[in-house]
Structure formats: C-alpha cells, structure tokens
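[1] how does the following fold in three dimensions:
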Amino acid sequence: MDKYFRTVSAAHVYLIRENNGKQQVCLALRAKSLLGGGQWDPTGAGHLERDETFTQNAQRELLEEAGVTFNPKDIKFMTLIHNRCSRENSRAHIHFFVDKWNGEPRIIEADKCDEMRWFDIDNLPNNMSFDRREAIENYLNKIAYSEKGW
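    Next comes the predicted model:
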C-alpha cells in the first residue's frame, strides 16, 4: 500500500464589500440539480487545473461564475481548511477574498447557480455549503488554518 494519499486542492474566492457601515459577502446558491445543491457557496470556487496557481484559479473561477475580474495584487488570504475525506484522499481548500474588482457580480452559469445575493457577514444563511461557513468564521476570528475529519 502506498503511504501517500491524494490531496485535491481548490480555491474559493469571496467578494466582500462595505455597505451602510456593514461588511457584506456575495454568495451564490448552488443549483438544486448539483451535488450540494440548494446551499450557499462563495461567488467563485473550483479545483486547480494543471499548471494553475491558486490566484489564477481564483481569477478564472470568479470570471467563469460571476463575470468579474480582479487584479492579482488585490487577492487576500482568508484561511486554509484541510479536510480528510477518507483514508485515501483529502481536500485542501484555500479561501481568499477580494474587496476590489471590475464588473458587477452576476450569474454566468445558470445551470450551476440559482441565485446570487449579498449577505451581511455576521448574518449568513443557514444553508451554507460544506466548510464555507467555517471559512468565513475563521476569517472573522483571524484563524489561518483548521482541520476536519481527522
């Protein structure tokens, strides 16, 4: 048996803004037809492609899913969550945010997203996907790293 197991990496990028003195985050409601459907997710998220950095991944996903772009110097680290899914593999999800971007966030992949909405960061919806709520809580509490499933 190989002593190493596979770790799948993904970047999740959140749009964060100030609105009437409140910090808000833009979330996307995953289409009910998808795995994890009916739950709120970051505006852009996805697995790294071959030869892609986390920043490039975040840029690509945000453009593909919300139609917005950002300057790579404006990406900010939120947290890293390592989730051991099974004895054979794990997931390393790195979460970023941007508070400066170009364009207006909108649904680009209508088959994957039912709704996109701004939420006060301290009043998130109950039905958030997987480790996304934990990522925002880590960000608010300045926790750089957490583990699940160990």
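
[2] hey, let's count contacts and neighbours off CA atoms from now on
    OK.

[3] could you pull out the strands for this protein?
    All strands of the chain, identified by DSSP state E, fall at 6-19, 22-30, 40-42, 44-47, 76-84, 89-98, 113-120, 145-148.

[4] which regions of this protein lie under the pLDDT threshold?
    Within the chain, the segments meeting pLDDT under 70 span 1-2, 4-5, 130, 150.

[5] for it, which helix is longest?
    Assignment by DSSP state H gives helix 54-66 as the longest helix of the chain.

[6] run the chain-centre distance for it.
    Chain-centre distance of helix 54-66: 10 Å, with Cα atoms, centre = their mean, to the nearest Å.

[7] what lies in contact with it?
    10-13, 43-49, 68-70, 72, 75, 94, 105-109 (Cα atoms under 8 Å, 6 or more residues apart in numbering).

[8] hey, which of the strands of the chain is tucked in deepest?
    Among the strands of the chain, ranked by average contacts under mean count of other Cα atoms under 10 Å, first place goes to strand 40-42 (a mean of 27).

[9] other SSEs contacting that strand?
    Secondary-structure packing of strand 40-42 (3 or more Cα pairs under 8 Å, 6 or more residues apart in numbering; DSSP states H and E): strand 6-19, strand 22-30.

[10] isn't residue 11 right up against residue 46?
    Yes - the criterion here is Cα atoms under 8 Å, and residue 11 meets it with residue 46 at 5.8 Å.

[11] how much space between residue 81 and residue 94?
    Residue 81 is 6 Å from residue 94, where distance means Cα to Cα, to the nearest Å.

[12] just residue 33 next, same as before
    Taken as Cα to Cα, the span from residue 33 to residue 94 is 25 Å.

[13] please apply the same query to residue 107.
    Note on residue 107: its distance to residue 94, by Cα to Cα, is 23 Å.

[14] could you do residue 149 as well?
    17 Å.

[15] now residue 118
    To residue 94, residue 118 is 21 Å away according to Cα to Cα.
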